[in-house]
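In: I'd like to go over a predicted model; first the sequence, then the structure.
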2 protein chains.
Amino acid sequence: MDPEDLLTVGEVAERSGFAPSALRYYEKERLVRSRRTGGNQRRYERGVLRRLAFIRAARNIGLGLEEIRAELSKLPNGRTPTVADWNKISHGWRRRLDGQIEALVALRDGLDSCIGCGCLTLARCRISNPQDVAAVDGPGAVYLPEELREPLEVDR
Amino acid sequence: MDPEDLLTVGEVAERSGFAPSALRYYEKERLVRSRRTGGNQRRYERGVLRRLAFIRAARNIGLGLEEIRAELSKLPNGRTPTVADWNKISHGWRRRLDGQIEALVALRDGLDSCIGCGCLTLARCRISNPQDVAAVDGPGAVYLPEELREPLEVDR
DNA sequence: GTGCAAGTTGAAGTTAACTTTAAGTCAAGT
DNA sequence: ACTTGACTTAAAGTTAACTTCAACTTGCAC
């Protein structure tokens, strides 16, 4: 590694789109690494940019930092994902997105079935009781955020 | 109103699925109301259940309490939504859901275009740069949460 | 009239993912 | 050397939507 190639935190921030404070935070959380100068300032290797691209992509898909840490730690040998790693992981993300889309579509269908029917007066509304919606594909089969799973009994 | 019909916070909690602490919180936030007994305990009218059904449904669609407060305050005369109110509002929710679904589908399509192409090595990745995905339908046309809109320049 | 589950309050705690602040140090151009 | 922008740290602040806590009071069945 040519030492000329090391990047300051400001440079990495500008090129990655993450704020310097976010980069420091990610380092504290052990998602990225840096070396230090004699004067204790961070210097990043170029590879950190690809790693940050991965992190940004994962965040956009909806993963939390904890999950991202897990994904990164599952990488066989290196620590920055290769193309092969990326293929494997991206298929998992695809399934995750599919599930989220399915859940939203189910919610929309439930909403459609409510529109014009005075649904909120019903004891078992599909929008107030989305577990009925999810149950279309069997219990646990459909992704739904936890908050979509609470029931509500209306009127009587 | 038959006073026999008034519900305690525990009863409302059980029938609405909201925790008593959430009901108190909603009251402090002026989303619901209650009367008080001589001893200062809450007593709810039956209508609160429908109002809470509305709140739960809105939360499930993804509205924040601030937005829900706005929706509720827009109601013409009464404070608990009628069937007519519900029709009007649910069409807005439907559009919101459509937008969210569109955004996720766009993200999935972007992911598909990345799989198997070593996308993360590209300077402009559609998953790291979702504003490109959104731009398919013109700027601002597609719903995307703010966090999906940050750029990332990788390698060079 | 007693016991106790259920209710009351305000304040502080929770979680995630950062940002902001304060107080100070480093790097580099001139 | 000097200046100044960029950097350092730990700790506290932010936001949403509640929950938990501590200390105390009510309601009601027996």
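Out: Thanks, I have it.

In: lowest-pLDDT helix or strand in chain A?
Out: helix A:130-134 (a mean of 46; mean pLDDT, DSSP states H and E).

In: For chain A, which residues score under the pLDDT cut-off?
Out: Within chain A, the stretches with pLDDT under 70 are A:1-4, A:76-81, A:114-156.

In: can you pull out the helices in it?
Out: For chain A, applying DSSP state H gives helices covering A:9-16, A:20-28, A:47-61, A:65-74, A:83-114, A:130-134.

In: These into JSON lines, with extra columns for mean neighbour count and distance to DNA strand D?
Out: Where you see a C-beta, it was placed from the backbone N, CA and C, and this is true even at glycine. Shown next, in JSON lines, are the helices of chain A (neighbours: other C-beta atoms under 10 Å in any protein chain shown; distance: least, C-beta to the nearest atom of the strand, whole Å):
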{"stretch": "helix A:9-16", "mean neighbour count": "18", "distance to DNA strand D": "3"}
{"stretch": "helix A:20-28", "mean neighbour count": "15", "distance to DNA strand D": "5"}
{"stretch": "helix A:47-61", "mean neighbour count": "23", "distance to DNA strand D": "13"}
{"stretch": "helix A:65-74", "mean neighbour count": "14", "distance to DNA strand D": "14"}
{"stretch": "helix A:83-114", "mean neighbour count": "18", "distance to DNA strand D": "17"}
{"stretch": "helix A:130-134", "mean neighbour count": "20", "distance to DNA strand D": "15"}
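
In: Relative to residue B:37, which of those helices is closest?
Out: When the helices of chain A are compared by C-beta to C-beta, helix A:130-134 sits nearest residue B:37, at 34.5 Å.

In: roughly how far apart are the residue of chain A found nearest DNA strand C and residue A:8?
Out: At 2.3 Å from DNA strand C, residue A:39 is the closest residue in chain A, using C-beta to the nearest atom of the strand. Residue A:39 is 12 Å from residue A:8, where distance means C-beta to C-beta, to the nearest Å.

In: between these two, who's got more neighbours?
Out: Taking other C-beta atoms under 10 Å in any protein chain shown, residue A:39 and residue A:8 do not tie; residue A:8 has more neighbours (15 against 5).

In: my guess is that one contacts residue A:37, does it?
Out: No - if you go by C-beta atoms under 8 Å, residue A:8 and residue A:37 don't touch, sitting 9.2 Å apart.

In: Within range of DNA strand C, give me the residues from chain A.
Out: By C-beta under 7 Å from any atom of the strand, the residues of chain A that approach DNA strand C are A:19, A:21-22, A:24-26, A:37-41, A:59, A:64-66.

In: quick check, nearest of those to residue A:99?
Out: residue A:64 (15.8 Å).

In: now, the most widely separated pair of the residues of chain A next to DNA strand C?
Out: Greatest spatial distance among those (C-beta to C-beta): A:38 and A:64, at 36.1 Å.

In: out of those two, which sits in the busier spot?
Out: Comparing residue A:38 with residue A:64 by other C-beta under 10 Å, the one with more neighbours is residue A:64, at 10 against 5.
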